[in-house]
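Peer 1: sequence first, then the predicted structure, then my questions.
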Amino acid sequence: MTSLDSGPNNFMDISLLPEYAGICGFTRTELNTCFEDRFEETLEILKPQGGLNQSADIDDLKAEILKWYDGYNWLGNEHVLNPYSILNFFRKKEFASYWPTTGCPSHLSALIRDNPLDFIQLTLDSHPAKQIRKTDFSDISLVPILFHSGYLTIDEKIKITKI
């Protein structure tokens, strides 16, 4: 949905639609159903390696997985787990930061360096949904770029009404 190049340009922006909130990762339900057969084996491998306490059970393993890989949230209601990290975790049976190894966005690093943000600027009360949805890169703040590239997430959605 940008004018950076020619090609298809009649897309619908689904990034903030509730029915697509879990599309870009594994939901907690999907974690439990899709990987159900891998929890026991992973738990038994992680215990001797020191990746988990010797008394840990499957619920402890799930809690640790959520601590490491759960956190992206499009709407403040359904957290999704990073799919690349989850697949690597179950393949390697080791807690690690897998996603940062997928690439170094040097253009994003330069944008952050040139446009430092204060913590207070990261609230959506100063960046409403219409700014998050902006696709005109000639006049865009850093917050929508960080949101769409997965570095910021919506923690909570609060509806504000004016009387």
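Peer 2: Yep, it's here. Here the structure is a predicted model, which is why all the values come from computation and not from measurement.

Peer 1: so Ala77 touches Pro18, yeah?
Peer 2: Residue 77: Asn, not Ala. Yes - in this structure, Asn77 is within contact of Pro18 by Cβ atoms under 8 Å, at 7.5 Å. (C-beta placed from N, C-alpha, C; glycine too.)

Peer 1: list the contacts of Glu64.
Peer 2: Contacts for Glu64 (Cβ atoms under 8 Å, 6 or more residues apart in numbering) come out as Leu52, Ala56, Phe95.

Peer 1: most neighbours, which of the residues you listed?
Peer 2: Leu52 (19 neighbours; other Cβ atoms under 10 Å).

Peer 1: so Arg28 touches Asp70, yeah?
Peer 2: Yes - contact criterion Cβ under 8 Å: Arg28 and Asp70 qualify, at 7.3 Å.

Peer 1: now do the shared contacts for those two.
Peer 2: Joint contacts of Arg28 and Asp70 (Cβ under 8 Å, 6+ apart) are His79, Leu81.

Peer 1: which one of the two has more residues nearby?
Peer 2: Asp70 (21 against 16).

Peer 1: mind listing what the more buried one touches?
Peer 2: Arg28, His79, Val80, Leu81.

Peer 1: redo that, cut-off 6 Å
Peer 2: Under the criterion of Cβ atoms under 6 Å, 6 or more residues apart in numbering, the contact list for Asp70 reads His79, Leu81.

Peer 1: which residues does it bridge with?
Peer 2: Counting by DSSP bridges, Asp70 forms beta bridges with Leu81.

Peer 1: how much space separates Lys145 from Leu43?
Peer 2: Not Lys; residue 145 is Ile. 39 Å (Cβ to Cβ, to the nearest Å).

Peer 1: no no, Tyr84
Peer 2: If you measure Tyr84 against Leu43 using Cβ to Cβ, the figure is 22 Å.

Peer 1: same question for Pro116.
Peer 2: 43 Å.

Peer 1: ok, these two, which is more surrounded?
Peer 2: More neighbours surround Leu43 than the other of Pro116 and Leu43, with 19 against 8 (other Cβ under 10 Å).

Peer 1: which non-adjacent residue is nearest that one?
Peer 2: Spatial nearest neighbour of Leu43, chain neighbours left out: Leu61 (4.9 Å); criterion: Cβ to Cβ, 6 or more residues apart in numbering.

Peer 1: using CSV, write out every CA atom in the helix or strand that neighbour falls within.
Peer 2: Per DSSP states H and E, Leu61 falls inside helix 58-69. The C-alpha trace of helix 58-69 is given here as CSV (Å, rounded to 0.1, in the frame of the first residue of the first chain):
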residue,chain,number,x,y,z
ILE,A,58,4.6,-28.6,30.9
ASP,A,59,2.8,-25.6,32.3
ASP,A,60,6.2,-24.2,33.4
LEU,A,61,7.5,-24.8,29.9
LYS,A,62,4.5,-23.0,28.3
ALA,A,63,5.0,-20.1,30.7
GLU,A,64,8.6,-19.8,29.7
ILE,A,65,7.8,-20.0,26.0
LEU,A,66,5.3,-17.2,26.5
LYS,A,67,7.9,-15.1,28.3
TRP,A,68,10.4,-15.5,25.5
TYR,A,69,8.2,-15.4,22.3
